[in-house]
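*Asks:* Need coordinates for the following:
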Amino acid sequence: MLAQRIANPPATLQRAAIDDPRWTAFIASQPDATLFHHPAWVQALAEAYGYDPFLIIHADEDGNIVAGMPVLDVRSALRGRRRISLPFTDYCPPLARNAQRLTFFAEELNRWQIDAQSSIEVHGALPDIGGVDRVQVGFGHLLSLEQDPARLFSRLHPNIRRWIRKSLREGLTVRLGTSPADLEPFYRLHWQTRRRLGVPLQPRSFFDSLWRRVIEPGFGFVAFAYFGERPIAADLFLAWNGTLIGKFNASDRQFWSLRPNNLVVWAGIEWGCQNGYRLLDFGKTDRHGGGLRNFKMSWGSTEVPIFYSYLGGPAPSPLDGLASRVLTRVIQASPPVVCRVAGELLYRQCA
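*Replies:* You can find the predicted model right below:
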């Protein structure tokens, strides 16, 4: 009986398959929907980490979705079983036709987790209702795009414009990639960057799924900066529904003097302007990431706080942060293979 209660939301909410065509139609009608709400992203996560994906939705009398969110059923040896929308995802709040629908959805979601005895973690701010623990986890940075990239370029901070021009004078070139062959050079740069930061590398299976589900079908691309024939920086962008998301930025530190990171960010911005996108989301920055926050704001972005919401269970404790700092020192002081092995063994458990 308990298993049945956990599996099925109350009558006001429904559980649906992640590829339900009603959901695809609904999110396409929502200007705030991003690729993080799209089945392609959810399926990439589920396939790589072995989580069960589904939707929690509220439908009207005609069966049309009026509110909902994608969810992964996460079972972790470190933190137990939780439903998360979505793990390893910067920001994925529920979507609704209007504020009233959103509040109703949040209230019913809270009732569901109480009945099912299962905690829910939402990577977004739920309405201010009882039983929700909202915690600021970092900052987002949003840049409004224009049809004319030259006009946007003229509004950038003088240092940003100077560094982009420097990259081009030094002979760096840009190439946008979406093919399977582009995975390997991106992965090498990403591996170097993760080790330098002292954080585990995502399993290779995640990037295999990401390429197959997202990049190759046209929901994103990688902007590479080349010095001669050598790729020295890359920025992986997710692109859908008018919002461009800078998800993974990677570079070879020995070429930092050429400013390749600025060049690949600008390549993504330029592509977004030329393809009718209205917004660049630079991704989540931790609350203590002052240097990265300054870099993102130097592009003229607007800084906004990011909140996560927890129902039926507490937010992560400070101990999680202490463990993270210890792991950082170990990875940075160890051979490169440790970064990859740590990711293969531990990453799935860190959701």
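
*Asks:* What are the boundaries of the helices in this structure?
*Replies:* For the chain, the helices defined by DSSP state H occupy 2-7, 21-28, 39-49, 99-116, 149-155, 158-169, 183-197, 204-210, 260-274, 290-297, 318-333, 336-346.

*Asks:* Ala223 is nearest to which of these?
*Replies:* In terms of Cβ to Cβ, the element of the helices of the chain nearest to Ala223 is helix 260-274, at 4.0 Å. For every residue, glycine as well, the C-beta is placed using N, CA and C.

*Asks:* avg pLDDT for that closest one?
*Replies:* Mean per-residue pLDDT for helix 260-274: 97.

*Asks:* That one: how far from the chain's middle?
*Replies:* 18 Å (Cα atoms, centre = their mean, to the nearest Å).

*Asks:* which secondary structure elements does it contact?
*Replies:* helix 149-155, helix 158-169, strand 173-177, strand 220-227, strand 230-240, strand 243-251, strand 279-281 (3 or more Cβ pairs under 8 Å, 6 or more residues apart in numbering; DSSP states H and E).

*Asks:* Dump the helices of the chain to TSV, plus mean neighbour count and distance to Tyr308.
*Replies:* Formatted as TSV, the helices of the chain follow (neighbours: other Cβ atoms under 10 Å; distance: least, Cβ to Cβ, whole Å):
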stretch	mean neighbour count	distance to Tyr308
helix 2-7	11	22
helix 21-28	16	20
helix 39-49	22	17
helix 99-116	18	14
helix 149-155	14	31
helix 158-169	15	30
helix 183-197	18	21
helix 204-210	19	21
helix 260-274	23	26
helix 290-297	16	18
helix 318-333	12	13
helix 336-346	16	21
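
*Asks:* between the ones you listed, which gets nearest to Asn241?
*Replies:* helix 21-28 (6.9 Å).

*Asks:* and the closest one with helix 39-49, angle?
*Replies:* Orientation of helix 21-28 against helix 39-49 (axes from the mean of the first three to the mean of the last three Cα atoms, to 10 degrees) gives an angle of 120 degrees.

*Asks:* on contacts alone, who are the packing partners of helix 21-28?
*Replies:* With contacts taken as 3+ Cβ pairs under 8 Å, 6+ apart, helix 21-28 sits against strand 52-59, strand 65-76.

*Asks:* related to what we said a few turns ago, looking at the helices of the chain, which is nearest to Leu142?
*Replies:* helix 290-297 (9.5 Å).

*Asks:* contact partners of that closest one?
*Replies:* 139, 141, 282, 285-286, 303 (Cβ atoms under 8 Å, 6 or more residues apart in numbering).

*Asks:* between the helices of the chain, which one is nearest to Ser309?
*Replies:* Of the helices of the chain, nearest to Ser309 by Cβ to Cβ is helix 99-116, at 8.3 Å.

*Asks:* Dump the C-alpha coordinates for the closest one into CSV.
*Replies:* The C-alpha atoms that make up helix 99-116 are tabulated as CSV, following Å, rounded to 0.1, in the frame of the first residue of the first chain:
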residue,chain,number,x,y,z
ALA,A,99,0.3,32.5,-10.5
GLN,A,100,-2.9,31.0,-9.1
ARG,A,101,-2.2,27.7,-10.9
LEU,A,102,1.4,27.7,-9.6
THR,A,103,0.3,28.2,-6.0
PHE,A,104,-2.3,25.4,-6.3
PHE,A,105,0.3,23.1,-7.8
ALA,A,106,2.7,23.8,-4.9
GLU,A,107,0.1,23.2,-2.3
GLU,A,108,-0.9,19.9,-3.8
LEU,A,109,2.7,18.9,-4.2
ASN,A,110,3.2,19.5,-0.5
ARG,A,111,0.2,17.3,0.3
TRP,A,112,1.6,14.5,-2.0
GLN,A,113,5.0,14.4,-0.3
ILE,A,114,3.3,14.2,3.1
ASP,A,115,1.1,11.3,2.0
ALA,A,116,3.8,9.5,0.2
